[in-house]
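Undergrad: sequence first, predicted model second:
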Amino acid sequence: MAEAIIRILVGKVGLDGHDRGAKVVMSALRDAGMEVIYSGLHQSPEALVRAAVEEDVDLIGVSILSGAHNTLVPKIIAELKKEKMGHVPVYVGGIIPQDDFPKLKKSGVAKIFTPGTTLKDIVESVRSDVAKSKKKKK
C-alpha cells in the first residue's frame, strides 16, 4: 500500500507581509513530494484553522516575522483544539527570539525554525512529526 501524501498548510497570520522565506520552504516541501496549501497573506488565526479543517491537513506551518508570534500562535493552537485538531503539529518559522521558545513550546508548538535552518532539516522534521501525529490520532 502506498504511503499517503503529507498535506501541509502554510500560513501568514496577522499583518506580516513578508512571505519569501515561506515560499522557499513550500518549494522544498513540494520537491520532497508533499502537498502544500498556502493560505496567503494577512490571515487571522481563525481563518487559518478553518482552512486547516477544510483541507484536512497533517501539519500547519506558520511563518511570522512581525513579532506577534506570542499572541497569534497560541490563538491558532487554541482554535485547533476547539476544532478537535489538537493532534495536528504546528511549526513556527521566522524571526523568533530564543527567549520566546519556551512560551511557544508550552502553548503547543511542535517545532520552531529560525533563519539558518536547513531545508533538509525541515523536511525530515515534517515527515517525523506527521508520522507521530498519525499514530496519536488512531
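TA: Great, that's in hand.

Undergrad: ok, V24 touching L119?
TA: Yes: taking contacts as CB atoms under 8 Å, V24 lies within contact range of L119: 7.4 Å. All C-beta atoms are positioned from the backbone trio N, CA, C, and that covers glycine.

Undergrad: which one's more surrounded, those two?
TA: Taking neighbours as other CB atoms under 10 Å, V24 and L119 compare with L119 leading, 15 against 12.

Undergrad: next, count neighbours for the nearest residue to that one once chain neighbours are set aside.
TA: Sequence neighbours aside, A28 is the residue nearest to L119 in space, at 3.9 Å (criterion: CB to CB, 6 or more residues apart in numbering). Residues near A28, counting by other CB under 10 Å, number 17.

Undergrad: would you mind writing the CA trace of the strand or helix carrying A28 as PDB?
TA: Assigned by DSSP states H and E, A28 belongs to helix 20-31. C-alpha atoms of helix 20-31 as PDB (Å, rounded to 0.1, in the frame of the first residue of the first chain):
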ATOM      1  CA  ARG A  20       9.700  35.000   0.600                       C
ATOM      2  CA  GLY A  21      11.000  32.500   3.300                       C
ATOM      3  CA  ALA A  22       7.700  30.700   3.400                       C
ATOM      4  CA  LYS A  23       7.700  30.300  -0.300                       C
ATOM      5  CA  VAL A  24      11.200  28.800  -0.300                       C
ATOM      6  CA  VAL A  25      10.200  26.300   2.400                       C
ATOM      7  CA  MET A  26       7.000  25.500   0.500                       C
ATOM      8  CA  SER A  27       9.000  24.700  -2.600                       C
ATOM      9  CA  ALA A  28      11.300  22.400  -0.700                       C
ATOM     10  CA  LEU A  29       8.300  20.500   0.800                       C
ATOM     11  CA  ARG A  30       6.700  20.200  -2.600                       C
ATOM     12  CA  ASP A  31      10.000  18.900  -4.000                       C
END
